[in-house]
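Engineer: Got a sequence here, can you model it:
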Amino acid sequence: MKTSEKKVSTDNLKSNQNRSASLRMLLAPSFIFLMLIFSTSVSFAHCDTMDGPLIRDAKIALNTNNVNYVLKWVKQENETEIKEAFFLTMNVRKLGADALNLADKYFFETVVRVHRSGEGVPFTGVKPSGTPIDEKILAADKSIETGTLAPLKNLVPKEILPELEIRFNKVLSLKDFDVNNVTEGRAYIEAYVQFFKFAEGEEEESGHKNHIYNFE
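Structural biologist: Presented below is the predicted three-dimensional model:
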């Protein structure tokens, strides 16, 4: 009788251990995914949302059949991957509404993934329209749109305003580039990214020489 009870107890223990192991296996991917999200720099976070400037340019590229609208967002060594994805997307879009939606999603994910890689941060998917964006990011975008720092000034420490204004003026000086001049476009995006990073308080490496998004 005792032997039988011991066997049942052992079986229950093994069963519990197996369930625990299975639960850990199921939870591990979710845990890793959450760790990626929380370890990812929040800087320039709107570039991976459907409402952000990168997806906006990707939509224009598809609607005008001009890949140059998005090439400025990626490094030169990644041009081939983006061009291949673009031409594949344009061909598939012709097959019908469902194909168009699927192809566009593929293209959006590709350009965001490659751009994020260029920033040195992992790709965690394209966030849906309506995803909350930090008010400083929205204000920085508004500043560029209106040509004045007024929307952002009250959201950042006063001591950084002189440097912020220098970066802001650089963005404005590069803003009106020819979309088909990808080199000029990349210079604008680099200035744009560095303006946002500084506005959010992200520290750069000494001397401002080793920018994360250096296209040279």
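Engineer: CA atoms for contacts and neighbours, from now on please.
Structural biologist: Noted.
Engineer: nearest residue to the residue positioned nearest the centre of the chain other than its sequence neighbours?
Structural biologist: The residue lying closest to the centre of the chain (C-alpha atoms, centre = their mean) is residue 48, at 3.5 Å. Distances taken as C-alpha to C-alpha, 6 or more residues apart in numbering place residue 126 nearest to residue 48, at 5.2 Å, with adjacent residues excluded.
Engineer: Count the residues that sit near that neighbour.
Structural biologist: Close neighbours of residue 126, defined as other C-alpha atoms under 10 Å, add up to 18.
Engineer: For the residue nearest to the centre of the chain, give me its contacts.
Structural biologist: Counting by C-alpha atoms under 8 Å, 6 or more residues apart in numbering, residue 48 makes contact with 54-55, 112, 125-127.
Engineer: Kindly recompute the last result at 10 Å.
Structural biologist: Counting by C-alpha atoms under 10 Å, 6 or more residues apart in numbering, residue 48 makes contact with 54-55, 108-109, 111-113, 115-116, 123-128, 131.
Engineer: filter the residues you listed to the buried ones?
Structural biologist: For the contacts of residue 48, a burial check counting by 16 or more other C-alpha atoms under 10 Å picks out 54-55, 108-109, 111-113, 115-116, 123-124, 126-127.
Engineer: Any chance of those in a markdown table with distance to residue 158 as columns?
Structural biologist: Output for the buried ones among the contacts of residue 48, formatted as a markdown table (distance: C-alpha to C-alpha, whole Å):
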| residue | distance to residue 158 |
| --- | --- |
| 54 | 30 |
| 55 | 32 |
| 108 | 37 |
| 109 | 37 |
| 111 | 35 |
| 112 | 33 |
| 113 | 35 |
| 115 | 31 |
| 116 | 30 |
| 123 | 33 |
| 124 | 34 |
| 126 | 34 |
| 127 | 32 |
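Engineer: Give me the distance from stretch 100-111 to the chain's centre.
Structural biologist: Relative to the chain's own centre, stretch 100-111 is displaced by 15 Å; criterion: C-alpha atoms, centre = their mean, to the nearest Å.
Engineer: Buried residues of that stretch, list them for me.
Structural biologist: The neighbour-count check on stretch 100-111 (16+ other C-alpha under 10 Å) flags 100, 103-104, 107-111 as buried.
Engineer: Many thanks, we can stop here.
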